[in-house]
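J.: This is a predicted model, with the sequence first.
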Amino acid sequence: MKHTLSVLVEDEAGVLTRIAGLFARRGFNIESLAVGQAEQNGVSRITMVVPGDDRVIEQLTKQLYKLVHVLKVQDITEVPCVERELMLIKVSATSSNRSEVIEIAQIFRARVVDVAEDSLTLEVVGDPGKIVAIVQLLQKFGLREVARTGKIALVRESGVNTEYLKSQVEAKVS
């Protein structure tokens, strides 16, 4: 199972290297990694997606807390969250299929950020499921380049679980 960890760290040189080293020494892969300044000066938030069962994640959490500049570690996998990812995707688009690519982009509320004679570059922002879905639809045109930020997430203070709500709406529609 993939877990999403939100880690608050002091904004010091080498912190990310120490965290990555901890994972590497234990043979764990980080599938997604996003780092940026948090709400407090001098503190950064690291959002990681890592594979592993609950026991493995618990061990990693304990090990992370042993690192000097780690302030807080939270497994937010099962917690209602707002999750987003940014992707830039360059798609082959000739005059014959350009309108179809643009139509797909509009459905996903993606923005065209560059137009060339034989390609379009799109900016897509959304939850990870949206990112996967648009990539699947655009593959038939030919993907030239893809750059993704990795998942960022914040816990929903409202506690509303939108995944649960989506499943309820889908159940009523079926």
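T.: Sure thing, it's come through.
J.: okay, CA-based contacts and neighbour counts for the rest of this
T.: Fine.
J.: where does Glu117 fall, phi/psi-wise?
T.: Taking degrees, to the nearest 10, you get phi -60, psi -40 for the backbone angles of Glu117.
J.: Can you check the pLDDT for it?
T.: Here, the pLDDT recorded for Glu117 equals 95.
J.: i'd like the first residue to be 55 from this point on
T.: Right, with 55 as the first residue, what we last looked at is Glu171.
J.: What residues sit buried inside the host helix or strand of Gln160?
T.: Here Gln160, judged by DSSP states H and E, is contained in helix 152-161. Neighbour-count burial for helix 152-161 flags Arg152, Val155, Ile156, Ala159 (criterion: 16 or more other CA atoms under 10 Å).
J.: try stretch 91-104
T.: If you call a residue buried by 16+ other CA under 10 Å, then stretch 91-104 has these buried ones: Val97, Ser98, Arg99, Ile100, Thr101, Met102, Val103, Val104.
J.: State the mean pLDDT of it.
T.: Averaging pLDDT along stretch 91-104 gives 95.
J.: so what pLDDT did the most centrally placed residue in the chain get?
T.: Centroid check for the chain by CA atoms, centre = their mean gives Lys205 as the closest residue, at 1.5 Å. Note on Lys205: pLDDT of 94.
J.: Please, which helix or strand holds the residue nearest to it when sequence neighbours are not counted?
T.: Leaving aside its sequence neighbours, Lys205 sits nearest to Glu139 (CA to CA, 6 or more residues apart in numbering; 4.8 Å). Taking DSSP H and E as the criterion, Glu139 maps to strand 135-146.
J.: Partner strands of that strand and their direction?
T.: Sheet partners assigned to strand 135-146 using DSSP bridges are listed as strand 173-180 (antiparallel), strand 197-202 (antiparallel), strand 206-209 (antiparallel).
J.: shaky segments in the protein?
T.: Judged against pLDDT under 70, the low-scoring parts of the chain cover residues 216-228.
J.: mind running it again at 80?
T.: Along the chain, the parts satisfying pLDDT under 80 run over 213-228.
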